[in-house]
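Trainee: take a look and give me a structure for this.
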Amino acid sequence: MMSSTEEDFELELRSLPGVLNVGIKHRDNGDVEGVTLVVFGQDPGAVRVIAMQIVSLYYPDAAVLVENVNNVPLSTGGDVPRITLVRADFNQDDGACEVHLSNNGRVGVGRASSGSLIGGAEATLAALRDLGYDIPFYLVEVVNVATVRGWPVIVTLRSHSNDGDRFGIAQSEGDLVAAAKATLDALNRFLSTLKGLE
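Mentor: Residues are numbered from 1 along each chain as shown. This next block holds a predicted model:
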């Protein structure tokens, strides 16, 4: 559970210009180890300077990382074949999503009934599990940056073992595809450290 001090700290960081999301990583003893800010439309270097000043007042030893929504690095995964989005369908009648992923010739299918935005992320996680991956993260938030079509979607996943949040960012014509791609963006970095499944 987040303390009132940590809530104030996170609120102060979220109020910085251009900050879309804030992730906080904790040590085993509960202390804040690092902070990740996702920014849009601002100079990440300038935001980092201000964020470091705020962080130093609350948690002097915490690291600060700023990721620009326009320039988030995508992992190449070394020898592990990258998981790719094959198809994503949304049924407007019942709000159900279906996501098909491919990895090394295998296809995983996931379904969710939470609408196109949240459902896209949930169905992607289900498709990864269908491929046989053990995903030690749960969905915290799915945010469409603006109401204009084609703007980025940000997915935040949190570790079951308190290893910190993972962020994924993607842009597409529709919420479903953007949410699915953003989920993959967050998890491909994690999955690239695993051995490919046979």
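Trainee: for the residue of the chain positioned farthest from its centre, helix, strand, or coil?
Mentor: Distance from the C-alpha centroid of the chain, by CA atoms, centre = their mean, peaks at Asp93 (27.8 Å). When classified by DSSP: H, G, I helix; E, B strand; the rest coil, Asp93 comes out as coil.
Trainee: got the contact list for the residue nearest the centre of the chain?
Mentor: With distances taken as CA atoms, centre = their mean, Phe167 lies nearest the centre of the chain, 2.5 Å away. Under the criterion of CB atoms under 8 Å, 6 or more residues apart in numbering, the neighbours of Phe167 are 21, 23, 36, 38, 67, 72, 154-157, 186. Placement of C-beta: from N, CA and C, glycine included.
Trainee: mean confidence for the host helix or strand of it?
Mentor: Assigned by DSSP states H and E, Phe167 belongs to strand 165-170. In this model, strand 165-170 has an average pLDDT of 86.
Trainee: then stretch 37-50?
Mentor: 82.
Trainee: give the buried residues for that stretch.
Mentor: For stretch 37-50, the buried set under the neighbour-count rule, 16 or more other CB atoms under 10 Å, comprises 37-40, 42, 44, 47-48, 50.
Trainee: need phi/psi at the residue farthest from the centre of the chain.
Mentor: When read as degrees, to the nearest 10, the backbone of Asp93 gives phi -70, psi -40.
Trainee: what's the longest helix in the protein?
Mentor: Longest helix of the chain, by residue count under DSSP state H: helix 175-191.
Trainee: and this structure, what are its domains?
Mentor: The chain breaks down into these domains under automatic domain parsing: 4-68, 84-191.
Trainee: first vs last residue of the last one, how far apart are they?
Mentor: End-to-end distance for domain 84-191, by CA to CA, to the nearest Å: 12 Å.
Trainee: check what contacts the lowest-mean-pLDDT helix or strand in the chain and list those residues.
Mentor: In the chain, no helix or strand scores lower on mean pLDDT, DSSP states H and E than strand 19-26, which sits at a mean of 79. For strand 19-26, contacts defined as CB under 8 Å, 6+ apart pick out 6, 10, 13-14, 32-40, 42, 47, 69, 141, 143, 145, 154, 156, 162-167.
Trainee: the inter-axis angle of it versus strand 165-170?
Mentor: 150 degrees (axes from the mean of the first three to the mean of the last three CA atoms, to 10 degrees).
Trainee: ranges for the strands of this protein?
Mentor: All strands of the chain, identified by DSSP state E, fall at 19-26, 32-39, 63-68, 84-91, 96-103, 106-112, 137-144, 153-159, 165-170.
Trainee: including distance to Ala121, could those strands go into JSON lines?
Mentor: Shown next, in JSON lines, are the strands of the chain (distance: least, CB to CB, whole Å):
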{"stretch": "strand 19-26", "distance to Ala121": "14"}
{"stretch": "strand 32-39", "distance to Ala121": "16"}
{"stretch": "strand 63-68", "distance to Ala121": "18"}
{"stretch": "strand 84-91", "distance to Ala121": "11"}
{"stretch": "strand 96-103", "distance to Ala121": "9"}
{"stretch": "strand 106-112", "distance to Ala121": "8"}
{"stretch": "strand 137-144", "distance to Ala121": "5"}
{"stretch": "strand 153-159", "distance to Ala121": "5"}
{"stretch": "strand 165-170", "distance to Ala121": "9"}
